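Peer 1: here's my sequence, what's the structure:
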Amino acid sequence: MRFLIADGDQGYRKFIRKLLERNADVNVAVEAADGEEAVSSCERSKPQVILMDLDLPRFGGLEVIRTLKAEFPKMRVVMVSRVADEACRKAAFKFGADAFFSKNAEMSRLLSTIRQSSF
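Peer 2: Below is the predicted model:
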């Protein structure tokens, strides 16, 4: 599986990259620090899954989802956020997220969801 990780926090991106790449079938194709970079990186690398922060700088996560799902409807989007209240979840799913997790979520649960063929 080819991934893109989009998060404004470089430390979190590196942590998630290391976690994902422990799996032989996972390739983190690219990382993006903001929403604009996430969109342009997806257009170039065409990942199968994007793991993205809801609160991205320069082009918020919800707008990124809407843009990417319009262009790549089969791309799976896993949204993560430090704020994981019901309003955030509903907004993410309304804009096209396939899954939503708190950044404090148990990582094994996040990985098992990503590994499913469909969310």
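Peer 1: sec struct for the spatially most central residue of the chain, please.
Peer 2: For the chain, the residue nearest the mean C-alpha position is residue 51 (1.6 Å; C-alpha atoms, centre = their mean). Three-state call for residue 51 (DSSP: H, G, I helix; E, B strand; the rest coil): strand.
Peer 1: that one reaches residue 2, doesn't it?
Peer 2: No. Using C-beta atoms under 8 Å, residue 51 makes no contact with residue 2, being 11.7 Å away. Using the backbone N, CA and C atoms, a C-beta is placed for each residue, glycine as well.
Peer 1: who touches both of those two?
Peer 2: Residues touching both residue 51 and residue 2 by C-beta atoms under 8 Å, 6 or more residues apart in numbering: none at all.
Peer 1: where do the strands sit along the protein?
Peer 2: 2-6, 27-32, 49-53, 76-81, 99-102 (DSSP state E).
Peer 1: ok, and what's touching the third one?
Peer 2: It stands for strand 49-53. 1-9, 12, 16, 20, 38, 42, 61, 64-65, 68, 75-81, 103, 114.
Peer 1: of these, grab the buried ones for ChimeraX.
Peer 2: To isolate the buried ones among these in ChimeraX, judged by 16 or more other C-beta atoms under 10 Å, type:
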select :3,4,5,6,7,8,16,20,38,42,61,64,65,68,75,76,77,78,79,80,81,103,114
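Peer 1: neighbours around residue 45, how many?
Peer 2: 15 (other C-beta atoms under 10 Å).
Peer 1: gap between it and residue 6?
Peer 2: 12 Å (C-beta to C-beta, to the nearest Å).
Peer 1: do the same with residue 12
Peer 2: Distance from residue 12 to residue 6, by C-beta to C-beta: 11 Å.
Peer 1: what's the answer for residue 46, then?
Peer 2: Residue 46 is 14 Å from residue 6, by C-beta to C-beta.
Peer 1: go on, residue 89?
Peer 2: To residue 6, residue 89 is 18 Å away according to C-beta to C-beta.
Peer 1: quick check, pLDDT for the residue of the chain most remote from its centre.
Peer 2: Computed with C-alpha atoms, centre = their mean, the residue of the chain farthest from its C-alpha average is residue 24, at 19.4 Å. We have a pLDDT of 81 for residue 24.
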